[in-house]
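Undergrad: The following comprises the amino acid sequence and a computationally predicted model.
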Amino acid sequence: MGNRVRTERSNLVISDVRPSDDGRYVCQASNVLGVRRSRPAKLVVLVRPFFVLRPSPGRGLAGGSLLLPCRVGGSPRPRVHWRRTDGPLPVGRLHYTEDNSMRIDGLRSSDAGQYSCEAENEAGRVSAAVTVEVQVAPSVDMPRRAAVTLGSQVALKCQVRGQPAPRAVWWKEAQFDPLLADQERGRITTSVQNDLYISPVTSADLGWWVCAAASAAGSFSGRVLLHTGRVKVPPGSASGRSGPTDDLVHLEEVRLLDGTSVRLSWKTSDRRPVDGFYICYIRRPAADGEATSAAPAVQKVTVLNGGADSYVLTGLRPGAAYEFFLVPFGGGREGRLSRLRRAQLPEAGEQSVGMGKFLGERSQGKFAGLCSRC
């Protein structure tokens, strides 16, 4: 114990008491007539609760599970309980582990909010609050078909839902030239509600139009057939409200290489090889309100190699925030979007946007059965 222990008038004084001081102590007195010992005295050192693993913010997908860790120490062993600070706990869907972590099953949007892990014993109390975010995969609701008269105007509705708010993209199938919300391209415009307007309609506009939505929680696509009333749609050939299917391409990582370039890495389904990929990226408005000459637009790079699994995109704007997603293609149509990923580039010298090159090839694959309802 070193200099922390001293005696004052036969009393034992311990300074800076530590857990290791816990134990039994005996007072011993001796003189020429002999030795006398006291009955053992037990010292119990109380330790205020402390976090061995502090709870951290949690993010989960609706329908899934989320584990909120909370490991505490202290003496005596603290009593630990969880509570929600902005509403009731999701009773019936909670499970507690031996180390006092809490798991929420069957996540719902209503589970998002503030939670607190609290530990208490005779020495004191400690608590830590965490935020739970529940993501909801995107969905798209739109009509199956729309009949028009050439020379007239048409509005194609596309209702997009999800949390976080998905990024919606329109394009004409087999002519991948994507439009974001609130954009204009000649006769074709989009609204902030993600609806598409064509005025006047020409024969070149007839065919399948795709409205797709992507976020960090997933992606979703729907199709609508624009026709003049003379085209029959075979049953089951299209669905205005497409159900989610397995991702054909998964954008795994966006790694910063320097102030102007990133490396995108992805995986594709081995069951559905493709002919190539569109690498799409959108420069987001700056948080400080930086003025831009135009609304955000989709920029793209075409990779004509179905075996590619990474790509280095160079010449991005230093200090800017970007969104990235991939679109596989083959056999004359585009597949389902990947999930959306974001990246914030570090500040550096100014440089114009350019192109990169793809890295990492796998065996070439032929297109087969690519997302028949995209």
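TA: Received the coordinates, thanks.
Undergrad: Below-threshold pLDDT in the chain: ranges please.
TA: 1-2, 230-247, 270-272, 286-295, 348-374 (pLDDT under 70).
Undergrad: and it, what are its domains?
TA: Split into domains by automatic domain parsing, the chain comes to 48-136, 142-244, 245-367.
Undergrad: of all the ones you listed, which lies closest to Leu12?
TA: domain 48-136 (20.4 Å; CB to CB). Backbone N, C-alpha and C define where each C-beta goes, glycine included.
Undergrad: Now do that closest one: distance from first to last residue.
TA: Domain 48-136 has an end-to-end distance of 40 Å (CA to CA, to the nearest Å).
Undergrad: Next, report how far that domain is displaced from the centre of its chain.
TA: Between the centre of domain 48-136 and the centre of its chain there are 20 Å (CA atoms, centre = their mean, to the nearest Å).
Undergrad: Could you do stretch 301-312 as well?
TA: 24 Å.
Undergrad: First residue to last residue on it, what's the distance there?
TA: The first and final residues of stretch 301-312 sit 11 Å from each other (CA to CA).
Undergrad: Identify each buried residue in that stretch, please.
TA: 301, 303, 305-311 (16 or more other CB atoms under 10 Å).
Undergrad: which of those sit farthest apart?
TA: Val301 and Gly307 (16.4 Å).
Undergrad: Would you map the helices across this protein?
TA: Counting by DSSP state H, the chain has no helices at all.
Undergrad: about what we covered before: possible to save the buried residues of stretch 301-312 as CSV with distance to Tyr197?
TA: CSV is the format used below for the buried residues of stretch 301-312 (distance: CB to CB, whole Å):
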residue, distance to Tyr197
Val301, 28
Val303, 32
Asn305, 36
Gly306, 35
Gly307, 39
Ala308, 36
Asp309, 38
Ser310, 38
Tyr311, 34
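Undergrad: among those, which are in strands?
TA: 301, 303, 308-311 (DSSP state E).
Undergrad: Of those residues, just say which sits nearest to Gln114.
TA: Ser310 (39.0 Å).
Undergrad: Pretty sure Ala213 is one of the things Ala165 touches, is it not?
TA: No - the pair Ala165 and Ala213 fails to qualify as a contact (CB atoms under 8 Å) at a distance of 9.3 Å.
Undergrad: Can you pick out the residue with more neighbours from those two?
TA: Ala213 (26 against 11; other CB atoms under 10 Å).
Undergrad: ok, now which ones touch the spatially most central residue of the chain?
TA: With distances taken as CA atoms, centre = their mean, the residue of the chain nearest its centroid is Ala216 (4.2 Å). Applying CB atoms under 8 Å, 6 or more residues apart in numbering, we find Ala216 in contact with 135, 164, 339-342.
Undergrad: Just the buried ones from the residues you listed?
TA: Here the buried ones among these, as counted with 16+ other CB under 10 Å, turn out to be 135, 339-341.
Undergrad: Which one of those is nearest to Leu156?
TA: Nearest member of the buried ones among the contacts of Ala216 to Leu156, counting by CB to CB, is Leu340, at 22.3 Å.
Undergrad: give me the number of residues near Asp22?
TA: Asp22 has 14 nearby residues by other CB under 10 Å.
Undergrad: thinking again about what came up before, out of the contacts of Ala216, which are inside strands?
TA: The members of those that map onto strands under DSSP E are 135, 341-342.
Undergrad: Just the closest of the residues you listed to Glu252, please.
TA: The nearest member of the ones in strands among the contacts of Ala216 to Glu252, counting by CB to CB, is Arg341 at 8.8 Å.
Undergrad: Please name the bridge partners of the closest one.
TA: Phe324 (DSSP bridges).
Undergrad: ok, it - contacts?
TA: 216, 251, 253-254, 323-325.
Undergrad: Now tabulate those residues in a markdown table and tack on distance to Val154.
TA: Below are the contacts of Arg341 laid out as a markdown table (distance: CB to CB, whole Å):
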| residue | distance to Val154 |
| --- | --- |
| Ala216 | 33 |
| Leu251 | 33 |
| Glu253 | 40 |
| Val254 | 37 |
| Glu323 | 29 |
| Phe324 | 31 |
| Phe325 | 27 |
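Undergrad: Need the buried ones from the residues you listed selected in PyMOL.
TA: Under the burial definition 16+ other CB under 10 Å, those of the contacts of Arg341 that qualify are selected in PyMOL by:
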select buried, resi 216+251+254+323+324+325
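Undergrad: In contact with Ser338, which residues?
TA: 214, 219, 247, 249-251, 266, 325-327.
Undergrad: Same question for Val26.
TA: Here Val26 is in contact with 37-41 (criterion: CB under 8 Å, 6+ apart).
Undergrad: Enumerate the beta-bridge partners assigned to the closest residue to Pro57 other than its chain neighbours.
TA: Spatially, and ignoring its direct neighbours in sequence, Pro57 is nearest to Thr131 (4.8 Å; CB to CB, 6 or more residues apart in numbering). Under DSSP bridges, the beta-bridge partners of Thr131 are Gln114.
Undergrad: tell me the contacts of Thr131?
TA: 57-58, 113-115.
Undergrad: Out of those, who's the most crowded?
TA: Tyr115 leads the contacts of Thr131 on contacts (other CB under 10 Å) with 24 neighbours.
Undergrad: Isn't that residue up against Arg84?
TA: Yes - counting by CB under 8 Å, Arg84 is a contact partner of Tyr115 at 5.3 Å.
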